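Sequence unavailable; structure follows:
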């Protein structure tokens, strides 16, 4: 019996902040599996800031959008994927899909929850966690005890990055857009200085927290960049000699036609301080995945890494969840729940 | 008999482009050397864009400015430095100075011209050449046959960088501010595409020369950055995957209160293309100096590296020479001649 799957389609490319009318929920029939095929019901799907630039070009119009999911096999004629198996895939923004386990674009992989909550694999144990881990330790080349600034520190990636930095004995500054988020950063995650960039003057607050005085190493060694624009402008003059800026994202740019960021005018600080700025995408950290999972599961069990999720219910609300990201409506990972576990 | 030395002093810190009235020529007496001391007469002194940011803070007011020079020992009570020896030092902007050969700030080093013209050690065989060599090959990690863009390509460093890139079999694009400079780049230095950024629309011209079409490697692998602002804005979207941007200078920023560059709004290109931008200063390339001198002397003898100099006569004109740099009055290295060889 074919399943009916509701899917989210993009109707037109947003200019600026996406609006709900630019998306449509479409119901389709999922064909019954043939030999070698199976049907997956998605349980959770991820909503990420990085989806925004893709809306400007890569995302197909009038077709199901893509994104990370965790689902369960509900029909199968494929021996490797049995009914009841959990799988991760890139087939988000739809309730059900047909798979064969070999399509690289779908990237369906079996998931062994290993005693951890399923949603952890959407956040702290998934690409979100690996992004923070690889960006900070590999691209950022973080050394124990250094001084770290993380922007969007209460976001999914940022909140893991600040905790990894604290585990490495670092002095950690985080920025976020509400007092509630800042309180969480300080009181729960152990961040040394939390800056509310909406109520405080970011440049001044950052200068107080990391003055970068001549001859002292009291600036920032690693700036984990999620925002761009004003944040990058404020951070560059505060960077210590040979500081590193791993660029995870520039959320301030994403709603400006996909890639036009707020102006940055302090880049000449890079020269004398010999700064390094480097973009990265989580796909490049596959070689770190096993080490990451070992570290992260241990840290979670030891209570050293905390994580929060903002779970929105029902595929109908997926567009709102995506738009909400750019309004700062989430603390930690933004997830849409599509079905019961 | 003590020498009278004319020196250039900075009187006040420039806001924007320096003006002649902010400098003064002051005559002083150089003390006769005591045991272990000697007197140097400067013959050539260097004028560099990098001097501009130092005027905003590091340069002492009402004291002789500093900068690279080549001089000759004219009095000596130090066995290692005999009358007639050539020396390099950081004691520019003055005609004579007293030295002991041990002061690190003066950094007096004996120079063996080795059959090369003295002025070559101010440019192609000096810090200018080493800057281009280290910035392109070490910081930029240039590989043979890559695609290179050099801004201020007719400047002292830029004109060497484009030739090294051509020697490495690269496709080379250069920007400069006059048709005369562009003709020199194309006809004499072998640059593939020369862009006059004053008469052409830089973004459009760069897009034609290095489209960075999807799936092709027809963008820029290494952008040797001397300018910042509009140039960086135009280059970022043209960078190939894993492109590198060694930041040598940002001359567009230097006259804006020392460090405020023109706004850059295309930095989010760094993320998906995994770009690396890194500042550098020539001091970090000392470990390359011998290899650099061997390579560069060979290239000059083989006629593979050409260089031009703009030589201004007399210390009285040193401030004008410095200001002239920011107006693009030089082709190749800007040098002030203080005495006959």
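Now that the structure is in, tell me what you want to look at. Treat the numbers as computed from the prediction; the structure is a model and nothing was measured.

OK, now which residue of the stretch 1-150 of chain A is nearest to chain B?
Chain B sits closest to residue A:53 of the stretch 1-150 of chain A, with a gap of 7.2 Å, by Cβ to the nearest Cβ. For every residue, glycine as well, the C-beta is placed using N, CA and C.

Quick check: phi and psi at that residue.
phi -60, psi -30 (degrees, to the nearest 10).

Can you get me a residue count around it?
Neighbourhood size, residue A:53 [other Cβ atoms under 10 Å in any protein chain shown]: 21.

Residue of chain A nearest chain B, please.
residue A:263 (3.0 Å).

Quick check: closest non-adjacent residue to that residue.
Counting by Cβ to Cβ, 6 or more residues apart in numbering or on different chains, residue B:263 is the residue found nearest to residue A:263 once chain neighbours are left out, at 3.0 Å.

List the contacts of the one you found.
Applying Cβ atoms under 8 Å, 6 or more residues apart in numbering or on different chains, we find residue B:263 in contact with A:263, A:264, A:265, B:229, B:233.

which residues does the fourth one contact?
Shown in contact with residue B:229 (Cβ under 8 Å, 6+ apart): B:250, B:252, B:253, B:261, B:262, B:263, B:264.

quick one: it from residue B:275, how far?
To residue B:275, residue B:229 is 17 Å away according to Cβ to Cβ, to the nearest Å.

Quick check: residue A:116 is in a strand.
No: according to DSSP: H, G, I helix; E, B strand; the rest coil, residue A:116 belongs to no strand; its state is coil.

residues in contact with it?
By Cβ under 8 Å, 6+ apart, the contact list for residue A:116 reads A:125, A:297, A:300.

Can you tell me which of those residues end up in helices?
Secondary structure of these is defined by DSSP state H; positions in helices are A:297, A:300.

Mind putting the contacts of residue A:116 into TSV with pLDDT?
As requested, the contacts of residue A:116 are exported to TSV (pLDDT from 0 to 100):
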residue	pLDDT
A:125	95
A:297	95
A:300	94
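
and which of the contacts of residue A:116 is nearest to residue A:281?
Closest to residue A:281 out of the contacts of residue A:116 is residue A:125 (18.6 Å), distances taken as Cβ to Cβ.

That closest one against residue A:296, yeah?
Yes: contact status for residue A:125 versus residue A:296: in contact at 5.8 Å, counting by Cβ atoms under 8 Å.

who in the stretch 101-250 of chain A is up against chain B?
Residues of the stretch 101-250 of chain A lying near chain B by Cβ under 8 Å from any Cβ of the partner chain: A:228, A:232, A:237, A:247, A:248, A:249, A:250.

again, only this time at 10 Å
When proximity is defined by Cβ under 10 Å from any Cβ of the partner chain, the stretch 101-250 of chain A lies next to chain B at A:139, A:214, A:225, A:228-229, A:232-233, A:236-237, A:239, A:242-245, A:247-250.

Just the residues you listed: which are in strands?
Per DSSP state E, strands hold the following members of those: A:239, A:242, A:243, A:244, A:245, A:247.

From those, list just the buried residues.
The neighbour count (16 or more other Cβ atoms under 10 Å in any protein chain shown) marks A:239, A:243, A:244, A:245, A:247 as buried among these.

So what pairs up with the first one in the strands?
In other words, residue A:239. On the basis of DSSP bridges, residue A:239 is bridged to residue A:220.

tell me the pLDDT at the residue nearest to residue A:263?
Residue B:263 carries a pLDDT value of 87.

same deal with the one 5 residues further on?
On pLDDT, residue B:268 comes in at 90.

Point out where the stretch 1-150 of chain A drops to low pLDDT.
For the stretch 1-150 of chain A, no stretch has pLDDT under 70.

Please enumerate the helices of it.
Counting by DSSP state H, counting those that start in this stretch, the stretch 1-150 of chain A has helices at residues A:51-55, A:127-134.

okay, those, which one's buried deepest?
Comparing the helices of the stretch 1-150 of chain A by mean neighbour count (mean count of other Cβ atoms under 10 Å in any protein chain shown), helix A:127-134 ranks first with a mean of 26.

Report the inter-axis angle for that helix versus strand A:239-247.
Interaxial angle of helix A:127-134 relative to strand A:239-247 (axes from the mean of the first three to the mean of the last three Cα atoms, to 10 degrees): 150 degrees.

helices and strands around helix A:127-134, which ones?
Where contact means 3 or more Cβ pairs under 10 Å, 6 or more residues apart in numbering or on different chains; DSSP states H and E, helix A:127-134 is packed against helix A:156-167, helix A:289-301, strand A:333-337.

Tell me the helix or strand right after the longest one.
Looking back up the chat, that one is helix A:289-301. Following helix A:289-301 in sequence order, the next helix or strand is strand A:309-313 (DSSP states H and E).

so what strands line up beside that following strand?
Strand pairing for strand A:309-313, determined by DSSP bridges: strand A:333-337 (parallel).

Off-centre distance for the strand it pairs with?
On the basis of Cα atoms, centre = their mean, to the nearest Å, strand A:333-337 sits 11 Å off its chain's mean C-alpha point.

What's the mean pLDDT across it?
Here the average pLDDT along strand A:333-337 is 94.

Quick check: buried residues in stretch A:169-179?
Buried residues in stretch A:169-179, defined by neighbour count with 16+ other Cβ under 10 Å: A:170, A:171, A:172, A:173, A:174, A:175, A:176, A:177.

how about the closest residue to residue A:264 other than its chain neighbours, what does it touch?
Spatially, and ignoring its direct neighbours in sequence, residue A:264 is nearest to residue B:264 (4.8 Å; Cβ to Cβ, 6+ apart). Shown in contact with residue B:264 (Cβ atoms under 10 Å, 6 or more residues apart in numbering or on different chains): A:232-233, A:261-267, B:228-233, B:235-236, B:250.

try 7 Å
For residue B:264, the contact set (Cβ atoms under 7 Å, 6 or more residues apart in numbering or on different chains) comprises A:263, A:264, A:267, B:229, B:232, B:233.

What sits closest to residue A:305 if chain neighbours are left out?
residue A:299 (4.2 Å).

number of nearby residues for the one you found?
Number of residues near residue A:299 (other Cβ under 10 Å) recorded here: 18.

Ok, residue A:211 next?
Neighbours of residue A:211 using other Cβ under 10 Å come to 12.

Kindly report the same for residue A:318.
Each residue near residue A:318 was counted by other Cβ under 10 Å, and the total is 24.

looking at this, it is in a helix?
Yes: assigned with three-state DSSP, residue A:318 falls within a helix.

what's near enough to touch it?
Going by Cβ under 7 Å, 6+ apart, residue A:318 touches A:8, A:45, A:47, A:93, A:336.

ditto for residue A:12
residue A:22.

Then residue A:203?
Going by Cβ under 7 Å, 6+ apart, residue A:203 touches residue A:234.

Am I right that it is in a helix?
Yes: under three-state DSSP, residue A:203 falls within a helix.

ok, it to residue B:253 distance?
According to Cβ to Cβ, residue A:203 stands 18 Å off from residue B:253.

Also residue A:328?
Here the criterion is Cβ to Cβ. By it, residue A:328 lies 32 Å from residue B:253.

Of those two, which one has the most company?
Shown here are residue A:328 and residue B:253; by other Cβ under 10 Å, residue B:253 has more neighbours (24 against 16).

Now the more buried one: closest residue in space, sequence neighbours ignored.
Residue nearest to residue B:253 in three dimensions, not counting chain neighbours: residue B:261, with 3.5 Å by Cβ to Cβ, 6+ apart.
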